[in-house]
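**Student:** Got a predicted structure here, sequence first:
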Amino acid sequence: MTEPEPASSAPETGPKKKSWAHGVAMRSLVALPLVAGLATAGWLLAGGNDPAPADGNQQVPVPAANQDPATVGGGAGPSVLEVSAPVKAQETPKGARPLEEWANKLAGALDIPAKSLIGYANGELALRGEQPNCHLSWVTLAGVGAASSNHGRGGDNPLGLSAQQWKKHGTSIPGIAKPALADPDSASVAAGRALCASGADLGGGNGWWKAVAGYQGGKGNEAELFRQRVLGNAQLYATLSLDPSRASSPSVKATRFALGQLGLPYVWGGNGPEAGAAGFDCSGLTKASYDEAGVGLPRTADSQFRALPQVPGGQEPKLGDLVFYGNPGTRIHHVGLYLGNGLMINAPTEGQAIQIHTYHKKGDDYAGAGRPSA
């Protein structure tokens, strides 16, 4: 058996508790097809609590930021908004058939019931008219649906609306004679109204993050985990909606598995609950993710780096690629799984939960990416 990753930080004193990296900024806008039109969305999650050094000199990745936080993104602390031109949404043709065709085409690839997809799309279309400056995208609603109920599979409240939210936003919906909480169309419009109620612009990372935080209403780790799940699933849906043929690929299967581990603790040498550990270390997570997809990987970050075909320098990684940190000439000390749009799924260090981070910034020790499978 290969030895686990060397400990990335000295043992802590006192009881440990999971901590989350805070802050969010939008890296770019992702263009998404919606029937004959386009919707827009994009995020960049940034870690305010930098992971502990792997040794005396090297650091695991920290938020991607090449601009002054005081002047970009409204001065949102360490997180940075990298401006990208939005894609102007076009009107969707009237009538149900185009929407049904769109939903039926994507339902299998996204693992979202077509009825739920239609609801999310109708939620976006309704809010385009009611609050166009909110820039709500159906993928945000889909992320909320995944985190709340697995798209209605987990109960009769598919978007996780509170009684107060439903009373305020769901009892009167144009075109629906009797709105019902269990109805994806009704719930999506109500959820969209709740997300946009603060006047936030969900087309920007800081506004998106605050809106999702306000929507769920929880506190501490519970609220943080909800936002992480919404973000991760929304980004996956954004990527797959552009290329649904990838849905059955090992890279997507590995990404889905990794997203399912969000919130588990970092455990040095950990191979996950099925192996008797509470969580994973960085390379334990990437190995288990690809084991789930039927692709075997070595156990440590360094051995994974040397075993995989490298992504050419200068190219951004693709969903499911592994991103590595350290010195290729001596030792690779850390690895994450690339999610897309500048994000990775990361088991950072002791005392932190598995979470989503930005993967690269100028001056870090990013060593490149490897591709376990197309």
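**Tutor:** Looks like it came in fine.
**Student:** which parts of stretch 165-176 are buried?
**Tutor:** Within stretch 165-176, the residues that qualify as buried are Gln165, Trp166, His169, Gly170, Ile173, counting by 16 or more other Cβ atoms under 10 Å. Yep, even glycine has a C-beta here, placed from its N, CA and C like the rest.
**Student:** For the strand or helix carrying Arg256, give the mean pLDDT please.
**Tutor:** For Arg256, the enclosing helix or strand under DSSP states H and E is helix 250-259. For helix 250-259, the per-residue pLDDT values average out at 98.
**Student:** roughly how far out does it sit from the chain middle?
**Tutor:** Once both centres are worked out by Cα atoms, centre = their mean, to the nearest Å, helix 250-259 turns out to sit 12 Å from its chain's centre.
**Student:** What is that helix packed up against?
**Tutor:** helix 220-242, helix 282-292, strand 331-340, strand 343-346 (3 or more Cβ pairs under 8 Å, 6 or more residues apart in numbering; DSSP states H and E).
**Student:** ranking the ones you listed by mean pLDDT, which is last?
**Tutor:** Looking at these, the bottom one is helix 220-242 with a mean of 90.
**Student:** Sort out which residues of that helix are buried, please.
**Tutor:** 223-241.
**Student:** can you check stretch 124-133 too?
**Tutor:** Neighbour-count burial for stretch 124-133 flags Glu124, Leu125, Ala126, Leu127, Arg128, Gln131 (criterion: 16+ other Cβ under 10 Å).
**Student:** Check those and tell me the two furthest apart.
**Tutor:** Greatest spatial distance among those (Cβ to Cβ): Leu125 and Gln131, at 12.0 Å.
**Student:** check contacts around the most centrally placed residue in the chain.
**Tutor:** The geometric centre of the chain, computed from its C-alpha atoms, lies nearest to Gly232 (Cα atoms, centre = their mean), at 1.8 Å. The contact partners of Gly232, taken as Cβ atoms under 8 Å, 6 or more residues apart in numbering, are Gly143, Leu259, Leu262, Leu339, Leu343, Ile345, Ile356.
**Student:** can we see that at 7 Å?
**Tutor:** The neighbourhood of Gly232, defined by Cβ atoms under 7 Å, 6 or more residues apart in numbering, consists of Leu259, Leu262, Leu339, Ile345, Ile356.
**Student:** For the stretch 251-374 of the chain, give me the ranges with low pLDDT.
**Tutor:** Regions of the stretch 251-374 of the chain meeting the criterion pLDDT under 70 cover residues 374.
**Student:** hang on, the earlier thing: which members of the contacts of Gly232 are the farthest-apart pair?
**Tutor:** Greatest spacing in these, by Cβ to Cβ: Leu262 and Leu339 (10.9 Å).
**Student:** what about the two, which has more around it?
**Tutor:** Applying other Cβ atoms under 10 Å to Leu262 and Leu339 shows that Leu339 carries more neighbours, namely 27 against 20.
**Student:** Kindly provide the distance from the more buried one to Phe324.
**Tutor:** For Leu339, the distance to Phe324 under the criterion Cβ to Cβ, to the nearest Å works out to 15 Å.
**Student:** Spatially nearest residue to Ile302, not counting backbone neighbours?
**Tutor:** Not quite, residue 302 is Asp, not Ile. In this structure, Asp302 finds its nearest non-sequential neighbour in Ile332, 4.3 Å apart by Cβ to Cβ, 6 or more residues apart in numbering.
**Student:** neighbours around that neighbour, how many?
**Tutor:** Using other Cβ under 10 Å, Ile332 has 25 other residues around it.
**Student:** Show the average pLDDT along the host helix or strand of Tyr215.
**Tutor:** Per DSSP H and E, Tyr215 falls inside helix 205-216. Model confidence over helix 205-216 averages 88 on the pLDDT scale.
**Student:** That helix relative to helix 220-242, how many degrees between them?
**Tutor:** Taking axes from the mean of the first three to the mean of the last three Cα atoms, to 10 degrees, one finds helix 205-216 and helix 220-242 inclined to each other by 120 degrees.
**Student:** Give me the pLDDT for Val144.
**Tutor:** Val144 is assigned 96 on the pLDDT scale.
**Student:** And for Glu91?
**Tutor:** If you check Glu91, the pLDDT there is 37.
**Student:** Would you map the strands across this structure?
**Tutor:** If you assign secondary structure with DSSP state E, the strands in the chain sit at 30-34, 37-41, 322-327, 331-340, 343-346, 355-358, 366-370.
**Student:** how much distance is there from the fifth one to the middle of the chain?
**Tutor:** This points to strand 343-346. What separates the centre of strand 343-346 from the centre of its chain is 8 Å, taken as Cα atoms, centre = their mean.
**Student:** Report all helices and strands that it contacts.
**Tutor:** Under the contact criterion of 3 or more Cβ pairs under 7 Å, 6 or more residues apart in numbering; DSSP states H and E, the helices and strands touching strand 343-346 comprise strand 331-340, strand 355-358.
**Student:** What lies in contact with it?
**Tutor:** With Cβ under 7 Å, 6+ apart as the contact definition, strand 343-346 has outside contacts at 44-45, 232, 235, 258-259, 323, 336-339, 355-359.
**Student:** Strand partners (parallel or antiparallel) of that strand?
**Tutor:** Using DSSP bridges, the neighbouring strands of strand 343-346 in the sheet come out as strand 331-340 (antiparallel), strand 355-358 (antiparallel).
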